[in-house]
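Undergrad: this is a predicted model, with the sequence first.
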Amino acid sequence: MIITVLCIMVILLVILLWAVFTSNNLIAKRNRVKQCRSGICVVLKQRNDLIPNLIASVKTYMGHESEILTRIAELRSKVVSASENEQIKGGTEISSLLARLQVAVEDYPELKANEQFINLQGQIEEMENELQAIRRTYNAAVTDYNNSIEMFPSSIIASWRKHEQQDLIEFPESEMKAINVGDLFK
């Protein structure tokens, strides 16, 4: 009788410890996702602060690419005060436009030689690389978190604690296609 009660208490203790460990693990993973999301927003803000300088530098040389520059400026002003999700979505579109702008710059030797432009281009390129790395880290953290929420037996604790799946950052189809340089000059 005492052994049976003792076995039941040990089993209950093991289940309780597992539940606490699993709950804490899910919280840590959710916080990692939040941290990565915040990191993306910080880099997007830094890049958005550089964009007006880039646009001013490029405008003096480029006339017919003003549509790209205007769209970048519009998106930048829209995402500055937007929610995190809108910042990330707008940041992805700005990345695409900046890539198109870099291709268009190839036809302007004076601009490519301009020291201010070269400096700005380098800073933005560095931020784009950092954004790509943070986006990969974010997607890895989200995948890990989502797996923990969905997989048994941690899914029991996840549903009890109301953990919700997070969305991965996905790039629009337009970014997956190769850029047609001819389209930039239409």
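TA: Nice, I can see it.

Undergrad: what sits closest to the residue most central in space within the chain if chain neighbours are left out?
TA: The C-alpha lying nearest the average C-alpha coordinate of the chain belongs to Arg135 (C-alpha atoms, centre = their mean; 4.0 Å). Residue nearest to Arg135 in three dimensions, not counting chain neighbours: Ile169, with 5.1 Å by C-beta to C-beta, 6 or more residues apart in numbering. In this view, the C-beta of every residue, glycine as well, is placed from N, C-alpha and C.

Undergrad: now the one you found, what's its secondary structure?
TA: The three-state assignment at Ile169 reads coil, by DSSP: H, G, I helix; E, B strand; the rest coil.

Undergrad: what number of residues lie near Ser155?
TA: Residue neighbour count, defined by other C-beta atoms under 10 Å, stands at 16 for Ser155.

Undergrad: that one reaches Arg161, doesn't it?
TA: No - contact criterion C-beta atoms under 8 Å: Ser155 and Arg161 do not qualify, at 10.8 Å.

Undergrad: follow-up on the earlier one: retrieve the pLDDT associated with the residue nearest to the centre of the chain.
TA: pLDDT, the model's per-residue confidence, is 90 for Arg135.

Undergrad: swap in Leu184?
TA: In this prediction, Leu184 carries a pLDDT score of 37.

Undergrad: also Thr92?
TA: The score at Thr92 is 80. That number is its pLDDT.

Undergrad: measure it to Leu26 for me?
TA: 28 Å (C-beta to C-beta, to the nearest Å).

Undergrad: do Arg135 as well
TA: 23 Å.

Undergrad: and if you look at Ile8?
TA: In this structure, Ile8 and Leu26 are separated by 27 Å, where distance is defined by C-beta to C-beta.

Undergrad: pull the longest helix from the protein.
TA: Longest helix in the chain, counting residues (DSSP state H): helix 2-59.

Undergrad: CA atoms only: put whichever helix or strand comes after that one into PDB for me.
TA: Remark: after helix 2-59, the chain's next helix or strand is helix 66-80, criterion DSSP states H and E. Coordinates of the C-alpha atoms in helix 66-80 are reproduced here as PDB (Å, rounded to 0.1, in the frame of the first residue of the first chain):
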ATOM      1  CA  SER A  66      12.100  58.600 -59.800                       C
ATOM      2  CA  GLU A  67       9.200  56.100 -59.600                       C
ATOM      3  CA  ILE A  68      11.400  53.700 -57.700                       C
ATOM      4  CA  LEU A  69      12.700  56.500 -55.400                       C
ATOM      5  CA  THR A  70       9.200  57.800 -54.800                       C
ATOM      6  CA  ARG A  71       7.900  54.300 -53.900                       C
ATOM      7  CA  ILE A  72      10.900  53.800 -51.500                       C
ATOM      8  CA  ALA A  73      10.200  57.100 -49.900                       C
ATOM      9  CA  GLU A  74       6.400  56.400 -49.600                       C
ATOM     10  CA  LEU A  75       7.000  53.000 -48.000                       C
ATOM     11  CA  ARG A  76       9.600  54.400 -45.700                       C
ATOM     12  CA  SER A  77       7.300  57.000 -44.300                       C
ATOM     13  CA  LYS A  78       4.400  54.500 -44.000                       C
ATOM     14  CA  VAL A  79       6.400  51.900 -42.100                       C
ATOM     15  CA  VAL A  80       8.100  54.300 -39.700                       C
END
